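In: Sequence unavailable; structure follows:
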């Protein structure tokens, strides 16, 4: 990842396989999440996130089409840190 994260733009970081991955809630990421979870169910799914949901969230917030939930499933990601980074991306986007 080049450059530091910019919290003013809503960016946060998550370590994946020990390397930083920038996460950011963009309009494209939000559309991806609405398609994956259903626009009406998105808020409810965010209240009680499963491991599978967390992979979908990290994938969408990464903005990298190669980082699919399936690709991320085989990577070293600490679940609590992933949840923290996802929550921080949402908090920054709506701050």
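Out: Right, received. Where do you want to start? Quantities reported herein were computed from a predicted structural model and do not represent experimental measurements.

In: what does stretch 72-85 rub up against?
Out: 12-18, 23, 49, 51, 54-55, 57-59, 61 (Cβ atoms under 8 Å, 6 or more residues apart in numbering). To be clear about C-beta, it is placed using only N, CA and C from the backbone, and glycine gets the same treatment.

In: Now do the helices in the chain.
Out: 27-37, 42-47, 51-62, 69-73, 79-93 (DSSP state H).

In: As JSON lines, the ones you listed with mean neighbour count would be great.
Out: Below are the helices of the chain laid out as JSON lines (neighbours: other Cβ atoms under 10 Å):
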{"stretch": "helix 27-37", "mean neighbour count": "15"}
{"stretch": "helix 42-47", "mean neighbour count": "12"}
{"stretch": "helix 51-62", "mean neighbour count": "20"}
{"stretch": "helix 69-73", "mean neighbour count": "14"}
{"stretch": "helix 79-93", "mean neighbour count": "17"}
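
In: so who does the most centrally placed residue in the chain touch?
Out: Closest to where the C-alpha atoms of the chain average out (Cα atoms, centre = their mean) is residue 58, at 2.8 Å. Contact analysis of residue 58 by Cβ under 8 Å, 6+ apart lists 14, 16, 21, 23, 67, 69, 72, 77, 82, 85, 86.
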